[in-house]
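> fold the stuff below for me.
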Amino acid sequence: MKTLGRRIALGVAAAMTGIFVFVAAGAAFAPHGLHLTNVPTPNTRSDGVAPAAKLSPELQQIVWAQGSTKLENPSTLTSYYGYDNDTLNAAGLPKMVPTPALPNPNMEAHKTEPDKNTYLVFKHGLGGPDSSYDYGTHFLFQGHEGGPADPASGPGNLSYITRINLDADAAHRVTLYPTTASNGKPLITIDGSTWDPWAKKLLFTTENQNGPTYAADASWPSTIDDISGSIGRGGYEGIQNDSDGNLWIDEDIGSPTNKPAPAVSAKFPNSFVFRFVPKSPSDLTHGKLEALQVLNDSKQPITFASQSPHQSPDQIALHTYGKVFKTNWVTVHDTAVDGTTSFNANLAAKAANATPFKRPENGLFRPGSHFREYYFDETGDTNAASTENDCCGGWGSVFKITQSDPSADSGHLTIFYKADAAHAAFDNIAFLSDDQVTFVQDQGEGLHGVEGFDSGFVFDVNKDYSDSANQPVRWLAQGRDPSATLDAANGGFGKNDQDNEITGTTVSNGDPRPGGILGAKIPHLFKDGWRFFYTQQHGDNPTYEVIPSSRTHGEPDD
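From the prediction side, this is the model:
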């Protein structure tokens, strides 16, 4: 057994509630948020060039796992953290570099793209495949967004869940969870994740309109259930609890078609913000699914139809600074009335006259707001040619929902930030303190060639971003690793994405109790166990922890 004293954690504190014991660890840091130096420019795209990432000098990063990290318990589907076993070499190992380097889809293994990170700390550990090994107490969970096609022609591509054991040695660093749900069906590609402390389950979304949401045990071996009979099936990505045990879900499926002329590459707003209100917080199989409805100045719902015309008045108004909109939650499914058969949540939201947006991806409650302020991003059209970029959310946006309490039936919506070309296509979100929030980009290859590679930005929620003098601080200018550069030069070899993407951004102290859900406590980053993780998808697929640099702590005098 390993010695737990070998952990990198610098301090340990414990408190017990029920069966969970939370352990906090970390290094000292200023309690009122970060003071970061702006990285002035993003990295730019150039054929065959793999630039290194640039971080604010107060920060540095370490790799906990990457695609070539071997799983401690491989399966026929996968043997390594970020590669499937679909293309093997003579030794039976997945090809991580195409040989020969030709644009042939059979020349390298499929890359699995670990996605949203959920960080948890359990004093008594979670067990693992090696019953004689002590896996420690600090864990990072991910679902994987990429995978090979399901040979049974299921609703999506095959995928899996991994757990990075942050206290473990190299041989036990990454554990593969079961690849089949309790109903016997294989898991499909996963995007979002969170921990529900009332149900004591990890929740994983699939960003697939026909795919399920999974509820999984954190301990190993895990039982993984399909809960789409209550929550529905939608293009779900971000998922987050509030203090009443409700689930807030952001849908991202985009629109399969562009708006008609004169629009150019402008997509229909086609995805919703949902709230699932369970009958009991510990039971996610019964309850009501609601969708956010926004009312315009005439007190009429802003709907898919009202936003369908090119540059519609409703869509322009939603993206206008200073406008305040009344919101309601409308029920789209109730298990007490409609039963527990899986249903299409997107179609149900449209039928209920809920309000769609241009690809909401992730959202969080502002710490210290008592779950009365919810921020979510809208990724937009991710196309420099969209004629709705400047007026209607084509570049993306950040919205804020304000309510009297998290279960309130109504509230208000305002736009917090209207994105521009230099700050387009936000995806993941994490609060660094009570008033600092980071959004990271997912622009896609199309915008990378125009605006540069993706970046991570820090916003101050107290600032007025309608004033162009106020600009977010860039803390990360992502580069491109050689594997992604090679993929980009060859169209992804037919089955892999190309440029790198920032995803899985999370700041957490890992508290698994109800009082530890994101938004319940004000983060004190790098202190009292608060840690900062993200994953660089595509290419080598490393998962990083962001840590303070020597500049943050200061250097001794000469």
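
> drop to CA atoms for contacts and neighbour counts, all remaining ones
OK.

> show me what counts as buried in stretch 34-42.
By neighbour count on 16 or more other Cα atoms under 10 Å, the buried set for stretch 34-42 is Leu34, Leu36, Asn38, Val39, Pro42.

> which residues does the second one contact?
Same thing as Leu36. Leu36 makes contact with Ser56, Pro57, Glu58, Val473, Trp475 under the criterion Cα atoms under 8 Å, 6 or more residues apart in numbering.

> mind redoing it with 6 Å?
Applying Cα atoms under 6 Å, 6 or more residues apart in numbering to Leu36 gives no contacts.

> distance of it from Tyr81?
32 Å (Cα to Cα, to the nearest Å).

> ok, now the third one?
Per Cα to Cα, Asn38 is found 33 Å from Tyr81.

> same question for the first one.
Leu34 sits 32 Å away from Tyr81, going by Cα to Cα.

> which residues of this protein fall in helices?
Under the criterion DSSP state H, the chain carries helices at the ranges 228-231, 313-318, 335-338, 345-351, 445-451, 482-489, 550-553.

> buried ones in the fifth one?
Translated: helix 445-451. So, applying 16+ other Cα under 10 Å, buried residues of helix 445-451: Glu445, Leu447, His448, Glu451.

> quick one: the last one from Ala419, how far?
Computed with Cα to Cα, the distance linking Glu451 and Ala419 is 13 Å.

> tell me, how many residues neighbour Ala421?
Applying other Cα atoms under 10 Å, we find 17 other residues in the vicinity of Ala421.

> contacts only, for it.
Contacts of Ala421 (Cα under 6 Å, 6+ apart): none.

> what do you get for Gln315?
Taking Cα under 6 Å, 6+ apart as the test, what Gln315 contacts is Gln307, Cys392.

> go on, the one 4 residues further on?
By Cα under 6 Å, 6+ apart, the residues touching His319 are Cys392.

> report pLDDT for it.
pLDDT recorded at His319 is 98.

> got the domain ranges for this structure?
4-226+420-463+471-553, 257-357+373-416 (automatic domain parsing).

> quick check: Asp435 touching Val461?
Yes. In terms of Cα atoms under 6 Å, Asp435 counts as a neighbour of Val461; the distance is 5.3 Å.

> next one: Trp530 from Asp297, what distance?
42 Å.

> sorry, slip of the keys, the one I care about is Ile415.
Taken as Cα to Cα, the span from Ile415 to Asp297 is 15 Å.

> quick one, which of these two is more surrounded?
Ile415 (24 against 13).

> out of everything not next to it in sequence, what's closest to that one?
Phe399 (4.4 Å; Cα to Cα, 6 or more residues apart in numbering).

> that neighbour pairs with what?
Assessed by DSSP bridges, Phe399 has beta-bridge partners Phe376, Ile415.

> change the start of the numbering to 30 and stick with it
All right, first residue 30 from here; so that's Phe428.

> pLDDT wise, what is it at?
pLDDT, Phe428: 98.

> contacting residues for it?
Contacts of Phe428 (Cα under 6 Å, 6+ apart): Tyr404, Phe405, Thr443, Ile444, Phe445.

> and for Gly481, the neighbour number?
When neighbours are counted by other Cα under 10 Å, Gly481 comes out with 21.

> rewinding a little: check the domains of the chain for me: which has the lowest mean pLDDT.
domain 33-255+449-492+500-582 (a mean of 90).

> and Ile430, what does it touch?
So Ile430 contacts Glu402, Tyr403, His441, Leu442 (Cα under 6 Å, 6+ apart).

> what do you get for Ser259?
Thr314, His315, Thr369.

> ok, now Lys145?
Gln171, Gly221, Ser222, Gly533.

> now do 7 Å
By Cα atoms under 7 Å, 6 or more residues apart in numbering, the residues touching Lys145 are Gln171, Gly172, Asp220, Gly221, Ser222, Thr532, Gly533, Thr534.

> one more: Thr66?
With Cα under 7 Å, 6+ apart, Thr66 has these contacts: Ser85, Pro86.

> same question for Phe168.
By Cα under 7 Å, 6+ apart, the neighbours of Phe168 are Tyr148, Leu149, Val150, Arg192, Ile193, Asn194, Leu195.

> show me those that map onto strands.
Among these, the members found in strands (DSSP state E) are Tyr148, Leu149, Val150, Arg192, Ile193, Asn194.

> nearest to Ala295 among the residues you listed?
Tyr148 (36.7 Å; Cα to Cα).

> for the closest one, which residues are in contact?
Going by Cα under 7 Å, 6+ apart, the list of residues near Tyr148 reads Phe168, Leu169, Phe170, Ser537, Gly539.

> check Val490 too.
Asp464, Gln465.

> and what of Trp224?
So Trp224 contacts Lys230, Leu231, Leu232 (Cα under 7 Å, 6+ apart).

> can we see that at 10 Å?
147-149, 170, 230-233, 244-247, 268-270, 539-543, 545-547 (Cα atoms under 10 Å, 6 or more residues apart in numbering).

> do the same with Ala414
Ala292, Val293, Ser294, Ala295, Gly423, Leu476.

> among the contacts of Phe428, who's most crowded?
Phe405 (26 neighbours).

> where along the stretch 480-587 of the chain do the strands fall?
Taking DSSP state E, counting those that start in this stretch, the strands of the stretch 480-587 of the chain run over residues 484-489, 502-506, 530-537, 560-566, 572-577.

> which one of these lies closest to Thr416?
Among the strands of the stretch 480-587 of the chain, strand 484-489 sits nearest to Thr416 (Cα to Cα), with 23.6 Å.

> whichever strand in the chain runs longest: which residues count as buried?
When the chain is parsed with DSSP E, its longest strand is strand 312-323. Within strand 312-323, the residues that qualify as buried by neighbour count (16+ other Cα under 10 Å) are Leu313, Thr314, His315, Gly316, Lys317, Leu318, Glu319, Ala320, Leu321, Gln322, Val323.

> would you list these in a markdown table and tack on distance to Ser300?
Compiled in a markdown table, those are given as follows (distance: Cα to Cα, whole Å):
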| residue | distance to Ser300 |
| --- | --- |
| Leu313 | 22 |
| Thr314 | 23 |
| His315 | 23 |
| Gly316 | 21 |
| Lys317 | 19 |
| Leu318 | 15 |
| Glu319 | 13 |
| Ala320 | 10 |
| Leu321 | 11 |
| Gln322 | 12 |
| Val323 | 13 |
